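J.: Next input, structure requested:
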Amino acid sequence: MKKKNNLRLQDPHLEREREQYEHPLPSREFILQILAGQGAPASDEELLHLLHIEAHEEDLFERRLRAMERDGQLMRNRKHDICVVEKLDLVKGKVQGHPDGYGFLIPEDGSPDMFLSEKEMRQVLHGDVVMVRQSGVDRRGRAEAKIVEVLERANNRVVGRLFEEHGIQYVVAENRRITQDILVPAGQAGGAKTGQVVVLEILKHPDKHAQPIGRIVEVLGNYADPGMEIEIALRKHDLPHEFPKDAEKQAKAISPVVSAKDWAGREDIRNLPLVTIDGETARDFDDAVYCTPEKGGYRLVVAIADVSHYVQTGDALDREAILRGNSVYFPRRVIPMLPEELSNGLCSLNPQVDRLCMVCDMHVSSSGDIGKYRFYPSVMHSRARLTYTQVAAMLAEPDGKLAKKNAATSRDTLLAKPADCGSGCEEAIPAPDASQRRVMASILPHLQHLHDLYRKLLKAREKRGAIDFETVETQMIFTDQGKIERIVPVVRNDAHKLIEECMLAANVCAAGFLQEHQHTVLYRIHQGPTPEKLEALREFMKEFGLQLTGEDDPQAADYSKLLKRIKGRPDAGLLQTVMLRSLKQAKYEPENVGHFGLGYDAYTHFTSPIRRYPDLLVHRAIKAVLQGKKYKPTQKWTELGTHCSMTERRADDATRDVEAWLKCFYMRDHLGSVFTGTVSSVTNFGMFVSLDNLYVEGLVHISELGKDYYHFDAAKHQLLGERTGQRYRLGDRVQVRVVKVDMESTKIDFVLDEKIPPVPPFSKGGKRSEGKFEKEPKVAKKSAKGKKRHG
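T.: Next comes the predicted model:
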């Protein structure tokens, strides 16, 4: 016993194990240390003896070993001995399938991807976690891998279409990265008919010798049924879309009005004429704003819905909110993070009702710099629910009909239903009555103060050097049958921009407040370009006589300086796109590295707790600091950051799929038509072209470029003909004809009609040549619920 205790006492993580478990076992780290010290694989009996595991501990210890195997720390050889994975030169990672049948291993440690042949892919599906050993190098110089063990199966259910050949039924997955047909045994089709969209439960995963087998558990309907594209996307991307009963029960049990007990510890700011400013179709209002001049600058009040009061750590609503991570905004349908009783009701800052909120109360100097600020829980009363269009009209014409209480007000002036809305604006707000017009007149001075402040904040933004890429957001207008009637650009007016600047200010204060009090939180981080991408960008710009300053460590201001220099050039769209692609994607992490694009040393998300879980965490952390406490979430901060970044990408992928399907359906009516467009992307198999005015993208395959051998140059974003010297480059103007629309793969194929002669480029000295300039829009995803919230 003494020997056992002495060995256990050597465990460097003994205290941690004692805190977490009533009967502590050797820690994972200590198990690995002991095994590695043996210099050879060990049997179960040997390890039990080495660590002096007693009989009553064996079951729990066996569970720990299985968990370590599942996590890729240990594995068993053919003799069933226990091996330390790091000693076996194995790599753990996730399988990424390719529609052509092969795949890649994405290593967990961030090392270069490894190629998986079609033969290796037969035993796994896209998303599976595996252990591999490098088996060689392919002709392209890529490391090839051989799968040693499957650690985790990612797909328990798959959405796809049912087919039948020679009496054998099978499902073809809607996710094109899953290339194996899944066999459906007799009697397991669940009444589904051939061609229908179904959900299949996998009964037997693939191995080296057999295809996967499953049974149909849900029949969604026919492929072209209205709304089917969303039903498919929900299941393909594993998006939670039905609230569990305990979460629904909790939401319904909450009082629909603010009760007296909710006032405890809150400041009363109901006297402030706070207003919400959102898109015409928005139904959940996270934020309200108020501004007034004061000595040396302005007082800016940003009030955010106090979701954390109703959703407590670890309760049913919280567990589901973590799972969802964020709301998902499809065309014509929203999958909310919280039930509607909260998202559109008690937590939404609706007009003329009392609401609980968390306030960021700031002083902003006349030069746009944020000075003193404070956070506090409060009760507010929104004076009005305004739209961006209304506010922009009131600011542009303060003496106009909308701003005056006694003037006659037309439906068109108020944009109760926008002129370009079609039937896509079912939730358009009604024109204000006389009482509402009086309210609007009373709040006009405060809106003008907000606009004045916006101009100050804009100057500070320019001074800070925040990057401001010019993009065009789009909105789909639908017919009564739920199909696209047309796609229109969404013009961002000053109302959009002033709300964005107010939200940025509050988010920065939240980050500064938590950083000052040394409280861990999920920062919204955005890193600068990698050395490789920076070098490629500089080489590309050199061809145009341009230079990105900042040497080896450029800042946002260096990018902004270059953007200003290229503004107005005929090739500005091309240059801006290449600059944008040199940057990384923003994500959530507890370790602050700043936000490169916005030019902030610290930045977080505070302003949308109804629809983003990281914002809810920030609210809880701020409240904890105000109470002199530390907030401890149910998971590790790093795990929460990884998960929330994943759910954000998952939502983007799902909405992209839905929009691609809808655009394909729309383009079926344009087969054979000729359009003008811009090359939006160049690959080794062709180029993608974005059509003018339609905002739809399709592929011109490399075989359609003419009789020549075309070579892809990734650094120059071009395809170059070997014989003719013909070049197709990112940003080129072309005419194309629509030749194929494939609904199943959501792909649109074009062929070249002709290439439009390019506008004469700038000289290397930067002087513009004579010639007509047509500014090309960049297609961008429609922002959630019609809001523009930076981040």
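J.: Low-confidence stretches in the chain?
T.: Across the chain, the ranges flagged by pLDDT under 70 are 1-6, 400-440, 755-791.
J.: again, only this time at 50
T.: 1-4, 405-429, 759-791 (pLDDT under 50).
J.: in stretch 136-154, what's buried?
T.: Residues 143-145, 147, 149-151, 153 are the ones in stretch 136-154 that count as buried (16 or more other Cβ atoms under 10 Å). Where C-beta positions appear, they are placed from N, C-alpha and C, glycine not excepted.
J.: Please apply the same query to stretch 162-173.
T.: Those would be 162, 169-173, for stretch 162-173 by 16+ other Cβ under 10 Å.
J.: Surely residue 382 and residue 354 touch.
T.: No: with contacts counted by Cβ atoms under 8 Å, residue 382 stays clear of residue 354, the gap being 9.3 Å.
J.: Please produce JSON lines containing the buried residues of stretch 162-173, extended by distance to residue 693 and secondary structure.
T.: Below are those laid out as JSON lines (distance: Cβ to Cβ, whole Å; DSSP: H, G, I helix; E, B strand; the rest coil):
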{"residue": "162", "distance to residue 693": "39", "secondary structure": "strand"}
{"residue": "169", "distance to residue 693": "44", "secondary structure": "strand"}
{"residue": "170", "distance to residue 693": "42", "secondary structure": "strand"}
{"residue": "171", "distance to residue 693": "39", "secondary structure": "strand"}
{"residue": "172", "distance to residue 693": "35", "secondary structure": "strand"}
{"residue": "173", "distance to residue 693": "35", "secondary structure": "strand"}
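J.: which of the residues you listed sit farthest apart?
T.: Between any two of the buried residues of stretch 162-173, the greatest separation by Cβ to Cβ is 14.4 Å, found for 169 and 173.
J.: Any idea how far apart the tips of stretch 724-736 sit?
T.: End-to-end span of stretch 724-736 (Cα to Cα, to the nearest Å): 20 Å.
J.: I figured residue 76 hits residue 83, correct?
T.: Yes: if you go by Cβ under 8 Å, residue 76 and residue 83 touch, sitting 6.8 Å apart.
J.: Between these two, which has more neighbouring residues?
T.: Remark: of residue 76 and residue 83, residue 83 carries more neighbours, 18 against 15, as counted by other Cβ atoms under 10 Å.
J.: can you give me phi and psi for that one?
T.: When read as degrees, to the nearest 10, the backbone of residue 83 gives phi -120, psi 150.
J.: Could you tell me which residues within stretch 319-339 count as buried?
T.: 320-322, 324-332, 334-339.
J.: Just the ones of the residues you listed in strands?
T.: 328-330, 334-335 (DSSP state E).
J.: Now compare these and name the two farthest from each other.
T.: 329 and 335 (8.1 Å).
J.: Kindly tell me how buried the closest residue to residue 152 other than its chain neighbours is, as a neighbour count.
T.: Spatially, and ignoring its direct neighbours in sequence, residue 152 is nearest to residue 129 (3.9 Å; Cβ to Cβ, 6 or more residues apart in numbering). For residue 129, the count of nearby residues is 20 (other Cβ under 10 Å).
J.: can you give me the strands in the stretch 201-350 of the chain?
T.: Remark: strands assigned in the stretch 201-350 of the chain by DSSP state E, counting those that start in this stretch are 213-221, 267-268, 275-278, 287-294, 297-305, 328-330, 333-335.
J.: could you dump the ones you listed to CSV with distance to residue 467?
T.: Formatted as CSV, the strands of the stretch 201-350 of the chain follow (distance: least, Cβ to Cβ, whole Å):
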stretch, distance to residue 467
strand 213-221, 42
strand 267-268, 37
strand 275-278, 24
strand 287-294, 24
strand 297-305, 23
strand 328-330, 25
strand 333-335, 30
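J.: And stretch 199-217, how far out from the chain middle?
T.: Here stretch 199-217 is found 30 Å from its chain centre; the criterion is Cα atoms, centre = their mean, to the nearest Å.
J.: Quick check: buried residues in that stretch?
T.: In stretch 199-217, counting by 16+ other Cβ under 10 Å, buried: 199-202, 205-206, 212-216.
J.: Make CSV out of the residues you listed and add distance to residue 646.
T.: Converted to CSV, those look like this (distance: Cβ to Cβ, whole Å):
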residue, distance to residue 646
199, 22
200, 24
201, 23
202, 22
205, 23
206, 25
212, 25
213, 29
214, 25
215, 29
216, 28
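J.: nearest to residue 599, of the residues you listed?
T.: residue 199 (46.0 Å).
J.: any idea how far the residue nearest to the closest one when sequence neighbours are not counted lies from residue 57?
T.: Counting by Cβ to Cβ, 6+ apart, residue 218 is the residue found nearest to residue 199 once chain neighbours are left out, at 3.9 Å. From residue 218 across to residue 57, the span is 44 Å (Cβ to Cβ, to the nearest Å).
J.: what do you get for residue 474?
T.: From residue 474 across to residue 57, the span is 61 Å (Cβ to Cβ).
J.: Contacts for the host helix or strand of residue 93 next, please.
T.: Under the criterion of DSSP states H and E, residue 93 resides in strand 91-97. Applying Cβ atoms under 8 Å, 6 or more residues apart in numbering, the external contacts of strand 91-97 come out as 72, 85, 103-109, 111, 113-114, 116, 121, 124-134, 145, 151, 154, 177-179.
J.: Emit the ChimeraX select command for whichever of those residues are buried.
T.: Command for ChimeraX, covering only those of these found buried under the criterion 16+ other Cβ under 10 Å:
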select :72,85,103,104,105,107,114,116,121,124,125,126,127,128,129,130,131,132,145,151,178,179
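J.: Which ones among the contacts of strand 91-97 map onto strands?
T.: Among the contacts of strand 91-97, the members found in strands (DSSP E) are 103-107, 114, 116, 129-134, 145, 151.
J.: I'm done for today, thanks for sticking with me.
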